[in-house]
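**Student:** Compute the structure for the input listed below.
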Amino acid sequence: MKISMTPFLIIFYFFCSTYAYAHDVHGKQQGIAVDVITKSDTSWDGTLLPHYATGQPEITILKITVQPGATLPIHEHPYINAGILMTGELTVVRKDNGKTLHLKAGDSITELVNTWHYGKNEGKVPAEIIVFYAGIKGKPITIIEKGQKK
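**Tutor:** Numbers count the residues shown, from 1 in each chain. From the prediction side, this is the model:
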């Protein structure tokens, strides 16, 4: 029995051309640029990110504005989140060891998870940060430490 290679070649060609098209759509077409801002499996302090939580996922995107001289309350996030500082400067500090991260406009951050920390604006203009949270529906994305004002 003789088997024709033509159907296999057609399928192979279709597979390859589909892959090439998908690849083009994500940044190789003229007039489109894709830049990776952040890709990480660790928080900004080098701690490995936890496994994703179980439950119905819920994405939350916040724009947080911190005025000059303002300090956020000590808090933690039970879920993975990341952000990009759009304007100003922001300093993030771990409560337990004082480890500090200084951000300026355009910098990204992969936030701490289940670690008490706070942010403060030591600059002269408002700090605006856009933060993306991969949370669970109905669960808080930020927990304020007891005794802290919201």
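
**Student:** Report the separation between Asp45 and Asp35.
**Tutor:** Counting by C-beta to C-beta, to the nearest Å, the gap from Asp45 to Asp35 is 24 Å. In short, each C-beta sits where N, CA and C put it, glycine included.

**Student:** more crowded one of those two?
**Tutor:** Applying other C-beta atoms under 10 Å to Asp45 and Asp35 shows that Asp45 carries more neighbours, namely 16 against 5.

**Student:** these two touch, right, the more buried one and Gly98?
**Tutor:** No. When contacts are counted by C-beta atoms under 8 Å, Asp45 is not listed as touching Gly98 (11.0 Å).

**Student:** any weak-confidence spans in the protein?
**Tutor:** Low-confidence segments of the chain (pLDDT under 70): 1-28, 150.

**Student:** Show me the strands in it, by range?
**Tutor:** With strands called from DSSP state E, the chain shows them at 57-66, 75-76, 81-87, 89-94, 100-104, 108-110, 117-120, 127-136, 143-144.

**Student:** May I see the buried residues of the fifth one?
**Tutor:** Residues of strand 100-104 classed as buried under the neighbour-count rule (16 or more other C-beta atoms under 10 Å) are Leu101, Leu103.

**Student:** which secondary structure elements does that strand contact?
**Tutor:** Packing partners of strand 100-104 (3 or more C-beta pairs under 8 Å, 6 or more residues apart in numbering; DSSP states H and E): strand 89-94.

**Student:** and the strand it packs on with strand 81-87, angle?
**Tutor:** 150 degrees (axes from the mean of the first three to the mean of the last three C-alpha atoms, to 10 degrees).

**Student:** Please state the offset of strand 89-94 from the chain centre?
**Tutor:** 16 Å (C-alpha atoms, centre = their mean, to the nearest Å).

**Student:** Grab the CA positions of it and hand them over as PDB.
**Tutor:** Backbone C-alpha positions of strand 89-94 (Å, rounded to 0.1, in the frame of the first residue of the first chain) are rendered in PDB as follows:
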ATOM      1  CA  GLU A  89       9.000  58.500  42.900                       C
ATOM      2  CA  LEU A  90       8.000  55.900  45.400                       C
ATOM      3  CA  THR A  91      10.000  54.100  48.100                       C
ATOM      4  CA  VAL A  92       8.800  50.600  49.200                       C
ATOM      5  CA  VAL A  93      10.100  49.200  52.500                       C
ATOM      6  CA  ARG A  94       9.800  45.700  54.000                       C
END
